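> using only what follows, build the 3D model:
(chains A and B)
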There are 2 protein chains.
Amino acid sequence: MNELKVFTIQKNIHENNTEVAAETRKFLNERNTFLINIMSSPGSGKTTTLVSTIQRLKDAMAIGVMEADVDSDVDAKAVQEAGAKAIQLHTGGLCHLDATMTKQGIDELGVEELDLVFLENIGNLICPAGYDTGAMKNVAILSVPEGDDKPLKYPKIFGKVQVLIVSKIDALEHFDFNFELLEERVRKLNKDIIIFPLSAKTGEGMEAWTNWIKKQIDLRG
Amino acid sequence: MNELKVFTIQKNIHENNTEVAAETRKFLNERNTFLINIMSSPGSGKTTTLVSTIQRLKDAMAIGVMEADVDSDVDAKAVQEAGAKAIQLHTGGLCHLDATMTKQGIDELGVEELDLVFLENIGNLICPAGYDTGAMKNVAILSVPEGDDKPLKYPKIFGKVQVLIVSKIDALEHFDFNFELLEERVRKLNKDIIIFPLSAKTGEGMEAWTNWIKKQIDLRG
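Down below sits the predicted model:
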């Protein structure tokens, strides 16, 4: 296994985040690299979902992961073991990544030859929602144990993403979680959102999610 | 039931947060009001734990709750129904409360005649860890579904609090959660931390937690 790279990103000094994000998308499109930004609460299963996703897709495409965390490198090690090129990004206490910070991560990771890159954003439902990172698609993960009321409390993130993964559905019977109510609340904020209920543990629902990813990559030719 | 107050707090313009926090503690001590700051991820069970706590303590003392959220008032309604004097604080997108914002909430809630006030901080493991709110005690809640690795990833908050509640222990058998490993990781950051494993759903462990609260209130004479 390659040595794991841990990189401390610098705070954004660029004022025009939208402009940097657009430049990043252009840079990635020219290299045929598709960037997916994944956001959720701590402990909602971002890394577990990614590990299972990488295992299912790694034979079909070259995958990279940027793991953003305030501290530690446990997540980057896990995705590296699953078969992705990985880098750990440390934010020094900051609770989000903006476009400039993401671009630093992309440059450090090195995306030549990568078809797909995941940015695992900081575990947080508030700060990351405010920043375009340059990703082509934004995905939120909500785990069943967190509850079906989260769209009421964090409308911005649920309104912004193109995809919502409802994770840990194997735990549905142990929690008061009304899937229909969740969907109703989310669609009020975001009528075109694509929802994938899944369990990385049992594998249920994983194929629909990975098929969606394959379709994104195919579409780019 | 009283009408529920929703208050949009103003951004801190006071530079010396430590000083304002000290003034708040003095103000509360003079009124025999004990303030507990509760921090956790979204969906870890802050409100459910508070509702169960209020039900068990409301006959022994007068309780108030400040519910801080980016949006919605569902939590404030729930604690009000449980028997607490409640106010909803909206932060306008900010991901933490500092001492000045907390003091605004205290003034709006009105703490005369309240023995105990809970501040339910914004659902977030990063931002709230950096600010003294003026509370006498800081409590973190980590739910079993979030995983035992969280102290590795969010060391600041686990190092800062006096109490850790491990919630949703009724779900222990459904998740890979090693309680001994969690405790070892937390004590490395914070050797004197008091840990209460509990389930607000089944009631297991609730008595140890509420007894600890009673002891704090008694100590203040």
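> A:Glu183 belongs to a strand?
No: checked against DSSP: H, G, I helix; E, B strand; the rest coil, A:Glu183 lies outside a strand; its state is helix.
> quick check: phi and psi on the residue nearest in space to the middle of chain A?
The centroid of chain A falls nearest to A:Ile38 when counting by C-alpha atoms, centre = their mean (1.5 Å). Note on A:Ile38: its backbone torsions stand at phi -110, psi 130 [degrees, to the nearest 10].
> need the pLDDT of it.
pLDDT recorded at A:Ile38 is 97.
> repeat that for A:Cys127.
For A:Cys127, the predicted pLDDT is 87.
> likewise for A:Asn12?
53.
> now A:His90
Listed pLDDT for A:His90 reads 86.
> tell me which parts of chain A are close to chain B?
Within reach of chain B by C-beta under 8 Å from any C-beta of the partner chain, chain A has these residues: A:41-44, A:69-72, A:74-75, A:93, A:95, A:122-127, A:130, A:143, A:145-147, A:149-150, A:152-156, A:168, A:170-171, A:174-175. To be clear about C-beta, it is placed using only N, CA and C from the backbone, and glycine gets the same treatment.
> which residues are contacting stretch A:166-183?
Outside of stretch A:166-183, the residues within contact range by C-beta atoms under 8 Å, 6 or more residues apart in numbering or on different chains are A:44-45, A:48-49, A:141-145, A:147-148, A:151, A:195-202, A:204-205, B:145, B:170-171, B:174-175.
> among those, which ones are in helices?
Judged by DSSP state H, those include A:Thr48, A:Thr49, A:Pro151 as members of helices.
> so the second one sits against A:Ser143, correct?
No: under the criterion of C-beta atoms under 8 Å, A:Thr49 is not in contact with A:Ser143, lying 9.5 Å apart.
> coming back round to it: just the buried ones from the residues of chain A next to chain B?
A:41-44, A:69-72, A:75, A:95, A:122-127, A:143, A:145-147, A:149-150, A:152-155, A:168, A:170-171, A:174-175 (16 or more other C-beta atoms under 10 Å in any protein chain shown).
> measure A:Gly83 to A:Gly123 for me?
Going from A:Gly83 to A:Gly123 by C-beta to C-beta, to the nearest Å gives 23 Å.
> who's in contact with A:Pro42?
A:Pro42 touches A:Gly123, A:Asn124, B:Ser41, B:Leu125, B:Glu146, B:Lys150, B:Lys153, B:Tyr154, counting by C-beta under 8 Å, 6+ apart.
> any low-confidence regions in chain A?
A:1-6, A:8-15, A:218-221 (pLDDT under 70).
> hey, where'd the helices end up in it?
With DSSP H as the criterion, chain A has helices spanning A:17-30, A:46-57, A:74-82, A:99-109, A:150-153, A:155-160, A:179-189, A:206-219.
> in CSV: these, plus distance to B:Gly64.
Listed next are the helices of chain A as CSV, based on distance: least, C-beta to C-beta, whole Å:
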stretch, distance to B:Gly64
helix A:17-30, 40
helix A:46-57, 36
helix A:74-82, 39
helix A:99-109, 40
helix A:150-153, 21
helix A:155-160, 27
helix A:179-189, 29
helix A:206-219, 44
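> tell me what A:Phe196 is bridged to.
Beta-bridge partners for A:Phe196, by DSSP bridges, are A:Ile165.
> how many other residues sit next to it?
Using other C-beta atoms under 10 Å in any protein chain shown, A:Phe196 has 21 other residues around it.
> was I right about it contacting A:Gly205?
Yes: counting by C-beta under 8 Å, A:Gly205 is a contact partner of A:Phe196 at 6.0 Å.
> list the residues that contact the residue nearest to the centre of chain A.
Contact partners of A:Ile38, counting by C-beta under 8 Å, 6+ apart, are A:Lys46, A:Leu50, A:Phe118, A:Leu119, A:Glu120, A:Asn121, A:Val139, A:Ala140, A:Ile141.
> now A:Gly123
Contacts of A:Gly123 were listed using C-beta under 8 Å, 6+ apart, and they are A:Ser40, A:Ser41, A:Pro42, A:Gly43, A:Ser44, A:Lys46, A:Asp69, B:Ser41, B:Leu125, B:Ile126, B:Lys153, B:Tyr154.
> in JSON lines: those residues, plus distance to B:Phe34.
Formatted as JSON lines, the contacts of A:Gly123 follow (distance: C-beta to C-beta, whole Å):
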{"residue": "A:Ser40", "distance to B:Phe34": "34"}
{"residue": "A:Ser41", "distance to B:Phe34": "29"}
{"residue": "A:Pro42", "distance to B:Phe34": "28"}
{"residue": "A:Gly43", "distance to B:Phe34": "29"}
{"residue": "A:Ser44", "distance to B:Phe34": "33"}
{"residue": "A:Lys46", "distance to B:Phe34": "37"}
{"residue": "A:Asp69", "distance to B:Phe34": "35"}
{"residue": "B:Ser41", "distance to B:Phe34": "25"}
{"residue": "B:Leu125", "distance to B:Phe34": "24"}
{"residue": "B:Ile126", "distance to B:Phe34": "26"}
{"residue": "B:Lys153", "distance to B:Phe34": "31"}
{"residue": "B:Tyr154", "distance to B:Phe34": "26"}
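> ok, A:Leu203 to A:Ala135 distance?
Careful, residue A:203 is Gly; it's not Leu. Distance from A:Gly203 to A:Ala135, by C-beta to C-beta: 26 Å.
> those two: which has the busier surroundings?
A:Ala135 (24 against 12).
> how close does that one get to chain B?
From A:Ala135 across to chain B, the span is 21 Å (C-beta to the nearest C-beta, to the nearest Å).
> can you give me the neighbour number for the closest residue in space to that residue that isn't next to it in sequence?
Leaving aside its chain neighbours, A:Ala135 sits nearest to A:Asn37 (3.6 Å; criterion: C-beta to C-beta, 6 or more residues apart in numbering or on different chains). Neighbourhood size, A:Asn37 [other C-beta under 10 Å]: 26.
> now A:Asn37: how far from chain B?
Going from A:Asn37 to chain B by C-beta to the nearest C-beta gives 18 Å.
> over to A:Lys188?
A:Lys188 sits 13 Å away from chain B, going by C-beta to the nearest C-beta.
> which residues does that residue contact?
A:Pro151.
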